[in-house]
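J.: Build me a model:
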Amino acid sequence: MSTPIATTQAVRERYLDTKVRVRRHGTLIWFRLALAVVLAAFALVLASTAPAQTKKPNGIDYSMYYVADVRDNEHCKMTVDKNGKWSVDERISNPAMTCPDMTSWRLFATAVRDRFWSDWADEDQNWPQQPWPLCTATTGPNCCDPHSSKNDPQHCPIFPGDTREHGAMLLKSGAPALRIGRPAITQHLQEIATPIDLDKTTAEFNAIRALSAQAPEMPQCSDTVVDKLVPKSYESIGRVIRQTNSEITIRNRAFHNYLFENNLYNSNGVAAVFAANDENQRKNAPYALDSRSASQGQPAKLGKIDFPPDAIMIKSNWLYEGFAKKLGIANTREKPFITQKMSTVVQYNEGATSVSCKLTGVHYLMAFHASSKDVPNWVWTTFEHVAMPGRCDFIGCNDAYGYKSTDPLPSGVARNYIAPHVKSDGLVMSPSTVFDHDKLYPMEAINPGLDQIFKNLGIGTAMSTNSEQASISDLGWRSYRLKGSQVEFTNSMGRKTVLGNSITEAGFMNNSSCMTCHARAGIHVERDKANFFRLSVFNKDQSDYGYALSYHGIPNPAWFHNDNNGGTLDVMQVDFVWGFLNANAVVAPTAREGSPRAP
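T.: All right, here's what the predicted structure looks like:
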């Protein structure tokens, strides 16, 4: 019996409909599977960032909250033209206080453009070890004239390039004179009270200074010195670098000229300011002495030391390449260093024998700390290379202007702060979160404003072609990051501010304050003898490492004045400059009163 045509057509249509639905259902299944995979991958991405968004802050997080504040106002913006002329937002009348991080980067760019590493004066050029007196109408031929290019560099302050008579001091365009780094100086860490201790400490300090002058005749160190001076185990890599690096402090022309013209390159001149300040307080209180620096041929009449607003000083940390390699620090294309050829003077004991030698060769600029007199208490700022292990340890890195944080940040927070690395202490019962130090931190991305400034000034535009001589264009300048800036002893709520460098303050970073430390730089005069060691850098407390802690917070007035009705001056501040430790008494006798100065 045959099947009706209509029935056959209906079956065929149902078959086709079922086939289409099966295909659609299969597609839907594959679509759902693919969607599930995408959602799962997205969930993994969210999970990787979840700890920064959902984890409960630990004790270190809450503590860091008070050092992670955004230092710059939201209106902080600046530009610079190719001639170095700076402009800031017209609403900002005091950039140093309103925009300290922005000011720090302007200071960075200004110092690089001025070639601070070669063209600024070091401490031996600021404070000669055997100073002659300042030239006056009554001094003899052995004197120093701030306006002459013929001063003797052994006895007078010299700014590189100013002299025309002494080839060793002249910075030639092709081969600048080698910088000489000396061993770490620790003598000024102890307070000196008795004349005997003062004489001993001063002699030891000057002996260490003299090593740099002896460097040209000093033998090269043997190949085993690097292994000898880098221990197999250590508490802090920053501390190892601190004790083996060449710490070279250099200052710009404004600083140098003020020092020279006002007779502050020797201890006699500084002691005279102390005497004038003390006498005025005892005789003329409550009125301050009219203090005037030398200008337009008029001699100085100082009642205090107050450097000009354009004065800058930089403490730079240079590490011999052999030490760097021993510590696993490499100069790579991804993280290039600023390098130069120089000598590190090394002094160590071989049994009962003291050995002195020098390591001459390529050195890496690991970090540098800069200060500018933009405000009365100076702007304090420090920069470290991205390959410096532990550069954000203990207090983090805070930069509201130059580079963006690489932390996995929650939504709605500022991108100025990198938190220090932490880990669990591994205790089974009640584990705690502790610092995880000496690790590297990711490279941050530069902000457009700073990037344009570098381009306009030609900073960091090309790979270096000469490892022995740094240049403005070296790409290595883009490897340095702002650790933080400081312009106040406390914040507006009275909390102590902290700032330190991972090398200079290695071992006591979490209680370090650049401002408070340098506020204790001063002179005490007793029996006509200058004492720059009256106040120390460190107090009697110890860090968790066991190293001494430095002073931080608001200065104590009792450090400077005896608490009595007479108002006796005990220590006169020397405008935050520890470099005055290098000031020595004049060695050349002055001519008799009324005798003419030799031409």
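J.: and the end-to-end length of stretch 407-414?
T.: End-to-end distance for stretch 407-414: 11 Å, by CA to CA, to the nearest Å.
J.: mind listing what's buried in that stretch?
T.: 407, 409 (16 or more other CB atoms under 10 Å). Just so you know, the C-beta spots here come from the backbone N, C-alpha and C atoms, and that holds for glycine as well.
J.: That one - what's its average pLDDT?
T.: For stretch 407-414, the mean per-residue pLDDT is 94.
J.: Ok, stretch 287-307 next?
T.: On average, stretch 287-307 scores 92.
J.: Please spell out which residues along it are buried.
T.: Buried positions in stretch 287-307, judged by neighbour count with 16+ other CB under 10 Å: 289, 291, 293, 294, 300, 302, 303, 304, 305, 306, 307.
J.: quick one: which of those is nearest to residue 196?
T.: Distances from residue 196 to those, taken as CB to CB, are shortest for residue 305 (27.9 Å).
J.: which element is that closest one on?
T.: According to DSSP states H and E, residue 305 maps onto no helix or strand at all.
J.: residue contacts, it?
T.: Contact analysis of residue 305 by CB atoms under 8 Å, 6 or more residues apart in numbering lists 264, 270, 273, 572, 573, 574, 575, 577.
J.: Just among these, which is most surrounded?
T.: Neighbour tally across the contacts of residue 305 (other CB atoms under 10 Å): the maximum, 28 neighbours, falls on residue 264.
J.: For residue 487, which non-adjacent residue is closest in space?
T.: Nearest residue to residue 487 in three dimensions, chain neighbours excluded: residue 100, at 4.9 Å (CB to CB, 6 or more residues apart in numbering).
J.: I'd like to know how far the one you found sits from residue 351.
T.: Separation of residue 100 from residue 351 (CB to CB, to the nearest Å): 50 Å.
J.: So between these two, which is more surrounded?
T.: A side-by-side neighbour count of residue 100 and residue 351, using other CB under 10 Å, places residue 100 first with 26 against 6.
J.: That one against residue 482, yeah?
T.: No. Using CB atoms under 8 Å, residue 100 makes no contact with residue 482, being 10.0 Å away.
J.: Can you pull the residues that touch both of the two?
T.: Counting by CB under 8 Å, 6+ apart, the shared contacts of residue 100 and residue 482 are residue 381.
J.: which element is the residue nearest in space to the middle of the chain on?
T.: Centroid check for the chain by CA atoms, centre = their mean gives residue 369 as the closest residue, at 1.6 Å. Assigned by DSSP H and E, residue 369 belongs to strand 353-372.
J.: would you put the C-alpha positions of that strand in CSV?
T.: Extracted in CSV, the C-alpha atoms of strand 353-372 (Å, rounded to 0.1, in the frame of the first residue of the first chain):
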residue,chain,number,x,y,z
THR,A,353,98.5,45.5,59.4
SER,A,354,96.3,48.2,57.9
VAL,A,355,96.2,47.9,54.1
SER,A,356,95.3,50.8,51.8
CYS,A,357,94.8,50.4,48.1
LYS,A,358,92.6,51.7,45.3
LEU,A,359,90.1,50.1,42.9
THR,A,360,90.2,52.1,39.6
GLY,A,361,87.7,51.3,36.9
VAL,A,362,84.0,51.6,35.9
HIS,A,363,81.7,52.5,38.8
TYR,A,364,77.9,52.3,38.8
LEU,A,365,75.7,55.2,40.1
MET,A,366,73.6,53.2,42.5
ALA,A,367,71.7,56.1,44.1
PHE,A,368,72.0,59.8,45.0
HIS,A,369,70.4,62.0,47.6
ALA,A,370,69.8,65.7,46.7
SER,A,371,68.9,68.7,48.8
SER,A,372,68.1,72.2,47.6
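J.: between the helix or strand following it and strand 353-372, what angle do the directions make?
T.: Downstream of strand 353-372, the first helix or strand assigned by DSSP H and E is strand 379-385. Strand 379-385 runs at 120 degrees relative to strand 353-372, counting by axes from the mean of the first three to the mean of the last three CA atoms, to 10 degrees.
J.: what's downstream of strand 379-385, the next helix or strand?
T.: Scanning forward in sequence from strand 379-385 by DSSP H and E, the next helix or strand is strand 397-398.
J.: Give the residue spans of the chain that score low on pLDDT.
T.: Counting by pLDDT under 70, the chain contains low-confidence residues at 1-54, 161, 163-176, 183-193, 564-565, 589-599.
J.: still on that earlier bit, which among the buried residues of stretch 287-307 gets closest to residue 115?
T.: Distance to residue 115 across these (CB to CB) is lowest for residue 307, with 21.1 Å.
J.: which residues touch the closest one?
T.: Contacts for residue 307 (CB under 8 Å, 6+ apart) come out as 254, 255, 258, 373, 575, 577.
J.: wait, doesn't residue 311 sit right on residue 374?
T.: No. Counting by CB under 8 Å, residue 311 does not reach residue 374; the two are 9.4 Å apart.
J.: one step back: ok, the residue nearest to residue 487 - contacts?
T.: Going by CB under 8 Å, 6+ apart, residue 100 touches 71, 72, 379, 381, 485, 486, 487.
J.: and which of these is nearest residue 467?
T.: Residue 467 has its nearest neighbour among the contacts of residue 100 in residue 381, at 26.9 Å by CB to CB.
J.: Based on its surroundings, how many neighbours for the closest one?
T.: By the criterion of other CB under 10 Å, residue 381 has 26 neighbours.
J.: and the gap between it and residue 257?
T.: Distance of residue 381 to residue 257, computed by CB to CB: 23 Å.
J.: Equivalent analysis for residue 484, please.
T.: 30 Å.
J.: Also residue 452?
T.: For residue 452 relative to residue 257 (CB to CB), the value is 32 Å.
J.: Neighbour count for the two, which is higher?
T.: Counting neighbours by other CB under 10 Å for residue 452 and for residue 257 shows that residue 257 has the greater number, 19 against 13.
J.: Helix or strand: which one has the more buried one?
T.: helix 253-261.
J.: Now find how far off-centre that helix is within its chain.
T.: On the basis of CA atoms, centre = their mean, to the nearest Å, helix 253-261 sits 21 Å off its chain's mean C-alpha point.
J.: Stretch 116-126 now?
T.: In terms of CA atoms, centre = their mean, the centre of stretch 116-126 is found 16 Å from the chain centre.
J.: Show me the contact partners of it.
T.: Contacts to stretch 116-126, defined as CB under 8 Å, 6+ apart, come from residues 114, 153, 157-161, 169, 171, 176, 179, 209, 212-213, 248-253, 255-256, 259, 265, 312, 314, 316, 338, 340, 365, 470, 579, 582.
J.: again, only this time at 6 Å
T.: 157-160, 176, 248-252, 256, 259, 314, 470, 579, 582 (CB atoms under 6 Å, 6 or more residues apart in numbering).
J.: And for stretch 427-439?
T.: Residues from elsewhere that reach stretch 427-439, judged by CB under 6 Å, 6+ apart: 58, 60, 237, 389, 390, 393, 420, 421, 422, 423, 424, 425.
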